[in-house]
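> sequence first, predicted coordinates after that:
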Amino acid sequence: MQELDPENNPTQHQEEPQSDADGTPKFGRLLILLGFGVLMVVALTFGSLAYYTP
């Protein structure tokens, strides 16, 4: 961490570290998780239908 000039930082808070995120949303990972969740619901639905149907 670098020392900050008190004139530019009157509250004496340390500068926040830079994150790897550039501000753009990551829709790919969210879409994969959503698809996985839908597949799990479909599998449970058909599995319970096959199990409980005589």
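Done, it's in.
> show residues contacting stretch 35-47.
By CB atoms under 8 Å, 6 or more residues apart in numbering, no residue outside stretch 35-47 reaches it. Where you see a C-beta, it was placed from the backbone N, CA and C, and this is true even at glycine.
> CA atoms of it as PDB?
C-alpha atoms of stretch 35-47 as PDB (Å, rounded to 0.1, in the frame of the first residue of the first chain):
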ATOM      1  CA  GLY A  35     -29.200 -24.000 -17.000                       C
ATOM      2  CA  PHE A  36     -27.800 -26.500 -14.400                       C
ATOM      3  CA  GLY A  37     -30.600 -25.500 -12.000                       C
ATOM      4  CA  VAL A  38     -33.300 -26.000 -14.600                       C
ATOM      5  CA  LEU A  39     -31.800 -29.400 -15.500                       C
ATOM      6  CA  MET A  40     -31.900 -30.500 -11.900                       C
ATOM      7  CA  VAL A  41     -35.600 -29.500 -11.500                       C
ATOM      8  CA  VAL A  42     -36.500 -31.400 -14.700                       C
ATOM      9  CA  ALA A  43     -34.500 -34.500 -13.500                       C
ATOM     10  CA  LEU A  44     -36.200 -34.400 -10.100                       C
ATOM     11  CA  THR A  45     -39.600 -34.000 -11.800                       C
ATOM     12  CA  PHE A  46     -39.200 -36.900 -14.100                       C
ATOM     13  CA  GLY A  47     -37.500 -39.000 -11.400                       C
END
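> so which bits of stretch 35-47 are buried?
Across stretch 35-47, burial judged by 16 or more other CB atoms under 10 Å covers no residue at all.
> avg pLDDT for it?
Per-residue pLDDT over stretch 35-47 has a mean of 97.
> what's the separation between residue 45 and residue 11?
Plainly put, residue 45 is 55 Å away from residue 11 if you go by CB to CB, to the nearest Å.
> same question for residue 46.
58 Å.
> same check, this time on residue 22
Residue 22 is 27 Å from residue 11, by CB to CB.
> what's the answer for residue 42, then?
From residue 42 across to residue 11, the span is 53 Å (CB to CB).
> ok, which stretches of the chain are helices?
Here the chain has its helices, by DSSP state H, at 27-52.
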